[in-house]
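Enquirer: how would this look folded up:
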Amino acid sequence: MKESIDLSGTRVGADEAAAVAELCEALQNAPNLNIQSIILYGSATGQEYRPGKSDINLLIIVERIDVAILKGVLDPIMRGRQYGISPFFITEVNLRSSADVFPVKFLVMQESYKVLLGRDVLGELEIKREHLRLRCEQEIKNLLLRLRRHYIMSGGQRLNEMMTTTVVGFLETLRVVLSITHGELPSREEVVATAAKTFGFDAEILRNVRGLRDLDVSLTREEAEQLYDKFMATVERVAQIIDQMD
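Expert: Sure, this is the predicted structure:
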């Protein structure tokens, strides 16, 4: 007997919910696709979901994956893509063995998810603090190097563009760094204020950089350069702090 799909408590609309249920049924009927779990994760389970714009992310955990198995589910997957359904296939062995190299990805998945079918494999996944710290250190130091290189290679041009394309990722990494120190992920609305208080920098710097994305802000070259310098210094401060974490 095939399991029914319960999307109650999510923000997925009726048409999208029907598409998710249809895809899950097709996957259960697919030959040789031994499903351990299907998990809805990300914005569709919370307040940040935007109908018609946000992806509906499904973590599909199976016993094994090869081309023949993937080919057998292409048609229902393509139908689901019309409704924004984004499937992520992985074996349970791959999932558990990858928690050390993708700790941030799986931690964010664990933040907001709903099991649609099978076991709560994602909830059973252990993510170690040191793996998170190392990954965050790598991300932040890499950003610092990119910011410096961009200024040199661009001749000090397109600073607004560089800040707007990197600030979201930096804030997401900051959330994870804060989870290491506070024990849980802060909300995206709280991350700037909490990080500024925790790590001792001016919150207005990140608010101004984030504002470049959210508002139609036009900075002079001098203003952009000053903000870029402050942003780079903030990234460097966080890099130094996470490097010294126990």
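
Enquirer: contacts, neighbours, all on C-alpha from now
Expert: OK.

Enquirer: which residues in this structure form strands?
Expert: 35-41, 56-62, 85-91, 113-118 (DSSP state E).

Enquirer: can you list the residues that contact the third one?
Expert: By that I understand strand 85-91. Strand 85-91 has contacts (Cα atoms under 8 Å, 6 or more residues apart in numbering) with 20, 55-65, 77, 80.

Enquirer: ok, back up a step: okay if I get the strands of the chain as TSV plus mean neighbour count and mean pLDDT?
Expert: TSV is the format used below for the strands of the chain (neighbours: other Cα atoms under 10 Å; pLDDT from 0 to 100):
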stretch	mean neighbour count	mean pLDDT
strand 35-41	22	96
strand 56-62	22	96
strand 85-91	17	97
strand 113-118	20	95
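
Enquirer: what residues go with each domain of the chain?
Expert: 14-124, 129-243 (automatic domain parsing).

Enquirer: need the contact list for residue 162.
Expert: For residue 162, the contacting residues are 147, 150, by Cα under 8 Å, 6+ apart.

Enquirer: Residue 76 reaches residue 25, doesn't it?
Expert: No: look at residue 76 against residue 25 with Cα atoms under 8 Å: they stay out of range, at 9.5 Å.

Enquirer: Grab the longest helix from this protein for me.
Expert: Selection of the longest helix in the chain by residue count, based on DSSP state H, yields helix 129-154.

Enquirer: just checking, what packs against that helix?
Expert: Helices and strands touching helix 129-154, by 3 or more Cα pairs under 8 Å, 6 or more residues apart in numbering; DSSP states H and E, are helix 103-111, helix 159-182, helix 221-243.

Enquirer: What sits closest to residue 35 if chain neighbours are left out?
Expert: Spatial nearest neighbour of residue 35, excluding adjacent residues (Cα to Cα, 6 or more residues apart in numbering): residue 62 at 4.4 Å.

Enquirer: for residue 125, that is, sorry about that
Expert: residue 96 is the one closest to residue 125 (Cα to Cα, 6+ apart), at 6.6 Å.

Enquirer: on that earlier part again, can you lay out the contacts of strand 85-91 as TSV showing distance to residue 149?
Expert: Putting those into TSV (distance: Cα to Cα, whole Å) gives the following:
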residue	distance to residue 149
20	44
55	33
56	36
57	34
58	37
59	36
60	39
61	40
62	42
63	44
64	42
65	40
77	40
80	41
